[in-house]
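Asks: Next come a sequence and a model predicted from it.
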Number of protein chains: 4
Amino acid sequence: MNSITALLYGSDRPGIVAKVAGWIHERGSNVLHADQHLDRQENVFFQRIEWECISNSDPKLEGIAFQQMVETELGMSVRIGYDDDKPRIGVMVSKADHCLHDLALRVRSGEWNAELIGVLSNHQDLQEISESYQLPFHYFNLTQGSRIEEEANQIEWIREQKIELLILARYMQILSKQFLETVECPVINIHHSFLPSFAGAKPYHQAYTRGVKLIGATAHYVTEDLDEGPIIGQDVTRVSHRHGPKDLIEKGRDLEKMVLSTAVRRHLQNRVLVYQNKTVVFD
Amino acid sequence: MNSITALLYGSDRPGIVAKVAGWIHERGSNVLHADQHLDRQENVFFQRIEWECISNSDPKLEGIAFQQMVETELGMSVRIGYDDDKPRIGVMVSKADHCLHDLALRVRSGEWNAELIGVLSNHQDLQEISESYQLPFHYFNLTQGSRIEEEANQIEWIREQKIELLILARYMQILSKQFLETVECPVINIHHSFLPSFAGAKPYHQAYTRGVKLIGATAHYVTEDLDEGPIIGQDVTRVSHRHGPKDLIEKGRDLEKMVLSTAVRRHLQNRVLVYQNKTVVFD
Amino acid sequence: MNSITALLYGSDRPGIVAKVAGWIHERGSNVLHADQHLDRQENVFFQRIEWECISNSDPKLEGIAFQQMVETELGMSVRIGYDDDKPRIGVMVSKADHCLHDLALRVRSGEWNAELIGVLSNHQDLQEISESYQLPFHYFNLTQGSRIEEEANQIEWIREQKIELLILARYMQILSKQFLETVECPVINIHHSFLPSFAGAKPYHQAYTRGVKLIGATAHYVTEDLDEGPIIGQDVTRVSHRHGPKDLIEKGRDLEKMVLSTAVRRHLQNRVLVYQNKTVVFD
Amino acid sequence: MNSITALLYGSDRPGIVAKVAGWIHERGSNVLHADQHLDRQENVFFQRIEWECISNSDPKLEGIAFQQMVETELGMSVRIGYDDDKPRIGVMVSKADHCLHDLALRVRSGEWNAELIGVLSNHQDLQEISESYQLPFHYFNLTQGSRIEEEANQIEWIREQKIELLILARYMQILSKQFLETVECPVINIHHSFLPSFAGAKPYHQAYTRGVKLIGATAHYVTEDLDEGPIIGQDVTRVSHRHGPKDLIEKGRDLEKMVLSTAVRRHLQNRVLVYQNKTVVFD
């Protein structure tokens, strides 16, 4: 099967749905899924549409033709995905290994159509684990003095490797403004709290001190404002007075794995549009 | 706003989406929401589409024209709803009052666009409560001998009152095959278990005996096969060895209210299609 | 059955459990439930213990004797409850009626062993509803100028009526420092967010703006620091980009009812101990 | 720290709690946690109690002394655990690897105090994965003809290796009555449905056909009655008409891992008592 997925958004106006569906039909193709959303406050239209490309033409060419039509005739933004896409992923880690294992096993099992290219870290702890999955491991010694240079090295690796998605899998180092301006792919982070509660450092300790009855995890795209980026997914789990900070950290691990992997899946399946620091998730 | 909602289903074929969206656009109207599903195993296409009717013509006439187009040109089944629909609901109860309160309060608060017309019961216990909501209460003395006649009386009331939805709000009496063949409106029941577990009588006692760690509730359309109808919604709540049958019954009440009201909302908003004893819920 | 429930807490030391259980056994009584917690960081011991008082003596006298023993011999704080306690509850509301209905129906159904005494409000909207439950309704015209006097009137009513628990059932007015210092009963509030996220005004609008994927509700004891009191219970429900502020408010209503009623149940069953602005909930 | 955990159960009678706590106190030890349950219908008392053994005597001797006291003086059953216990676990698998990875990673991360000894399988697929965790892999060719002999070989390995817990991590072969009578350790299985719904083969296909809105997983002790053993834990996840059998299988994997690992943790921490084919879980 040759399927194409398009994510569109832009100002709403009459006839978008008819225009898009009509174009696909005229090309001899057939719509498999379509989901749309209209933000009536902002008058912005969002659509995810997936179709089977049954013409003789190359799906890649069809995608380009579709994109041109949407941009020129509808004045909308569009992102195109193909069913044989296999995005190249870079993973950034520090010392905690649970998210790295989870991502590596999902890719290896074929659950996702994606490729893990390598692991970047500011610590050397996870070298052996990375290599056990045949993932090249790159250590960057980020000190006060070396940070600018080392981040430049990270960016260089990301470019050379043509990384299309960067996952911060419990990477406990803030990415600089410059890093984020230079990196050209989306960056997904897992924060170990139910944002906006407990942004910043040691969220489980904060949660323990406040005495909340649920702890959470939040996956979001990284922006310059720490822990303020568009939220892709969140989940919570129940805790009680019996759980000390160490228990929260342990319970949180499973939550972090689930929330991060769900967000990555949504991203890889072209289900997420970002708009006004929020996400539209067609799930 | 004059909005029209259509629920379509039938054999898939190329161009349905384009045809439907094109028709709406040509009439000068604008699609507000559209959601669709393709059952690839059965090759059946389902769609819920809602549009703003901005032509000068009467929305009711537009709806009829749309229906004709879909039936004749696409050979599909369709059901049409209008935003000023206010379905007439009949409620059947026995002795438990929690679902009746919940339904009556939701209608009264304007949460749903619907009208409660009256309450039918095989017991007299809830007469006062029904009347406190200005709901006429009708008692039917269903004994072995009187059942056929009394069910005929119930059907007569349902017809006279032009009931469009019948809700079994913990009605603890099985509707006969004949009742179900005669009644012309959909019937929604709340069963107090996570079906298909614990069908039949005393599900909380069954759950207690089996030692499950979650109890559930299931809302479904009623069919001739008891507790076997298409499921509209389900939910569960956590229980432990500390909960005896009485505790399960009490915990279950909140679950039943939530699951039943969610199912009724979905039905009233034209979000549910039934197919092969299952539902497609566009939520 | 004559059962007594005691909630104890104080510095841990060897032999508390033996001492407490031994005392009950010597009086010829039998422990029904016991649950305990040791905060190892602070070295504080907490216990909830319930026993059947089978001696001939009056349970009230047994409770007093137990309290004396715990205070003098163990140097711990203790609170005693009896199975025929029927706490007198006052409810404060503004304009939203859903929590008031929920509380009134639970009390009326016998779900809780408690009595609703009356409703206090800074608006007149819910007078009719209150009276439909035979609950006296008291309106207080809280303006900038009248606030001190009107709060004094509220306190007077609370004292005269011997209110033992005050529930803020979506009361949209901040209680003054002086009110809280003067009122002698615990005060439970329901805040319509997952605290500490979105404290303060219009939490659903805040949640919408931030683009969270779950909304929550939090029941807590009221302290002088707004929305900062000890949390008794919290829960969340899933939302998406499809939900505008109005939808969040509607979805939130069910959440608020459930979270508030769960917290009130825990309080009424003597399951909650407050310590360092957190709660120990023996549930 | 030298802590001892005891799980007791037997006919209720006055003074059990006092006797147990008194004994521990007299030995100079201190209770850390205690939780109890009284089944009032059956008059059976259950307790989990954990204490710090601060006497000079060997914890093992203290445990034996406690056991003798409980058995002789209270006539109750008791099971004792020590904080340096490190149960030897055998894992049985077929072709699915997700639960094996999950168990192996949890043990390796030190999340559990336990040792994986080896993997038994009726297929050769997971040999390489097992060995990547340094786990000896044993293949048993279970055919109609060889079954009795091969099961005897499995039992022999279990005995030789002094296995204390056997985990069926998606082992798709029914254990014979004889196997279960001969094996001397508890056996935990993960069934990929919300039991008692969809017992037997292909539960996800059954769930798809019935059109349920939640799928589940159930961890239980294995008994001779297939899928009928005492339930240790269950959980569910939401599905919709969009999920075909393949999607359910994929979604179910995460559920199975979580439910199985939660049940194993409860078992390893001596939190589970079995009674009348149900469990009391002190969690």
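Replies: Received it, and whenever you're ready, just let me know what you need.

Asks: residues touching residue A:33, list them.
Replies: Listed by CB atoms under 8 Å, 6 or more residues apart in numbering or on different chains, the contact set of residue A:33 reads A:48-50, B:36-38. Yep, even glycine has a C-beta here, placed from its N, CA and C like the rest.

Asks: go on, residue A:54?
Replies: With CB under 8 Å, 6+ apart, residue A:54 has these contacts: A:2, A:28-30.

Asks: Mind picking the one among the residues you listed that's closest to residue B:263?
Replies: residue A:30 (32.7 Å; CB to CB).

Asks: Secondary structure element for the closest residue to that closest one other than its chain neighbours, which one?
Replies: Spatially, and ignoring its direct neighbours in sequence, residue A:30 is nearest to residue B:14 (4.5 Å; CB to CB, 6 or more residues apart in numbering or on different chains). Using DSSP states H and E, residue B:14 sits within no helix or strand.

Asks: quick one: residue B:14 and residue A:29, what's the gap?
Replies: Note on residue B:14: its distance to residue A:29, by CB to CB, to the nearest Å, is 8 Å.

Asks: Give me the more crowded residue out of the two.
Replies: residue A:29 (23 against 16; other CB atoms under 10 Å in any protein chain shown).

Asks: What values do phi and psi take at that one?
Replies: phi -100, psi 170 (degrees, to the nearest 10).

Asks: Would you quantify the distance from it to residue D:257?
Replies: 39 Å.

Asks: Tell me the secondary structure at the nearest residue to residue A:232 once chain neighbours are set aside.
Replies: Excluding its sequence neighbours, the residue lying closest to residue A:232 (CB to CB, 6+ apart) is residue A:263, at 4.0 Å. Counting by DSSP: H, G, I helix; E, B strand; the rest coil, the backbone at residue A:263 sits in helix.

Asks: Which residue, other than its chain neighbours, is closest to the residue of the stretch 101-250 of chain A found nearest chain B?
Replies: At 8.4 Å from chain B, residue A:238 is the closest residue in the stretch 101-250 of chain A, using CB to the nearest CB. With sequence-adjacent residues excluded and distances taken as CB to CB, 6+ apart, residue A:238 is closest to residue A:214, at 5.8 Å.

Asks: pretty sure that neighbour contacts residue C:194?
Replies: Yes. Using CB atoms under 8 Å as the test, residue A:214 is close enough to residue C:194 to be in contact (7.2 Å).

Asks: intersection of neighbour lists for those two?
Replies: Joint contacts of residue A:214 and residue C:194 (CB under 8 Å, 6+ apart) are A:194, C:216, C:234, C:236.

Asks: what's the most distant pair in the residues you listed?
Replies: Spatially, the most separated pair among the shared contacts of residue A:214 and residue C:194 is A:194 and C:234, at 9.9 Å (CB to CB).

Asks: okay, those two: which has more neighbours?
Replies: Between residue A:194 and residue C:234, counted using other CB under 10 Å, residue A:194 has the larger neighbour count: 29 against 24.

Asks: and that one, which of the three is it?
Replies: From three-state DSSP, the assignment for residue A:194 is coil.

Asks: Relative to chain D, how far out is the residue of the stretch 51-200 of chain A found nearest chain B?
Replies: Of all residues in the stretch 51-200 of chain A, the one sitting closest to chain B is residue A:54 (8.4 Å; CB to the nearest CB). As judged by CB to the nearest CB, to the nearest Å, residue A:54 and chain D stand 21 Å apart.

Asks: give the contact list for the nearest residue to residue A:125 once chain neighbours are set aside.
Replies: Nearest residue to residue A:125 in three dimensions, chain neighbours excluded: residue A:95, at 4.8 Å (CB to CB, 6+ apart). Residues near residue A:95 by CB under 8 Å, 6+ apart: A:123, A:125-126, A:170, A:172.

Asks: got TSV for these, with neighbour count, secondary structure and pLDDT too?
Replies: Below are the contacts of residue A:95 laid out as TSV (neighbours: other CB atoms under 10 Å in any protein chain shown; DSSP: H, G, I helix; E, B strand; the rest coil; pLDDT from 0 to 100):
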residue	neighbour count	secondary structure	pLDDT
A:123	17	coil	98
A:125	14	coil	98
A:126	24	coil	98
A:170	23	coil	98
A:172	13	coil	95
